[in-house]
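Trainee: just a sequence and a predicted model for now, questions to come.
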Amino acid sequence: MHHRMARSGIIMVVTGLLLSLVISQQREVPYNETQAGMTHTACDELKHEAAAMETALTEVRTSLADTPKGLALFEASQRAWSEYRDAQLRLNDPDQVYGPGNGGTVVPMCLCSTAASMTRQRTQELVAYVHLPEGDVCRVVGPPEMKSGPTTP
């Protein structure tokens, strides 16, 4: 009888431990730890980076406003960058590479994250066009005072 009670007690303790383990594993997952939350965060980052790039684009366009040929060359460069970005994103999309249904729920997050990174890098390039470091003589875009061109004696 004593043996049976001891076994019964052990079973109850083990059952209690297992139940507490199961309950602790079923905690509510915070939104930012779900796939939807991580995708939302990555796509918000892309929106932020795109807004920063728009500001930089405006600065470059303003610095080239009085040089139609330079502005046209810049616009062609920006279009080419946009096409490159889009092609890279298609290459990083398993649904594009292997066909529909191959990517899974992580793909939108990955695409937003990749696009944000590429946009951030492009923004840094654009800012460098307008805010040239001292002594940089290899770029033709810069602050308005640098665009006067060659002077004749």
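Mentor: Looks like it arrived, so ask away. Numbers count the residues shown, from 1 in each chain.
Trainee: going by C-alpha atoms from here, please, whenever you check contacts or count neighbours.
Mentor: Noted.
Trainee: so how far is residue 80 from the most centrally placed residue in the chain?
Mentor: With distances taken as C-alpha atoms, centre = their mean, the chain has residue 116 as the residue nearest its mean C-alpha position (2.4 Å). According to C-alpha to C-alpha, to the nearest Å, residue 116 and residue 80 sit 17 Å apart.
Trainee: what of residue 51?
Mentor: Taking C-alpha to C-alpha as the measure, residue 51 falls 19 Å from residue 80.
Trainee: and the helix ranked longest in the chain, what other elements does it pack with?
Mentor: Assignment by DSSP state H gives helix 35-63 as the longest helix of the chain. The elements that helix 35-63 packs onto, with contact taken as 3 or more C-alpha pairs under 8 Å, 6 or more residues apart in numbering; DSSP states H and E, are helix 107-130.
Trainee: just the buried residues of the helix it packs on, please?
Mentor: For helix 107-130, the neighbour count (16 or more other C-alpha atoms under 10 Å) marks 107-116, 118-120, 122-123, 126-130 as buried.
Trainee: list the contacts for the residue lying closest to the residue nearest to the centre of the chain once chain neighbours are set aside?
Mentor: Nearest non-adjacent residue to residue 116, counting by C-alpha to C-alpha, 6 or more residues apart in numbering: residue 46, 4.3 Å away. Residues counted as contacts of residue 46 (C-alpha atoms under 8 Å, 6 or more residues apart in numbering) are 112-113, 115-117, 119.
Trainee: and residue 46, how far from residue 123?
Mentor: For residue 46 relative to residue 123 (C-alpha to C-alpha), the value is 12 Å.
Trainee: sorry, back to before: let me know whether the residue nearest to the centre of the chain touches residue 45 as I believe.
Mentor: Yes. Applying C-alpha atoms under 8 Å as the test, residue 116 and residue 45 come out as touching, 6.3 Å apart.
Trainee: lowest confidence element among the helices and strands of this structure?
Mentor: The weakest-scoring helix or strand in the chain, judged by mean pLDDT, DSSP states H and E, is helix 2-25 (a mean of 59).
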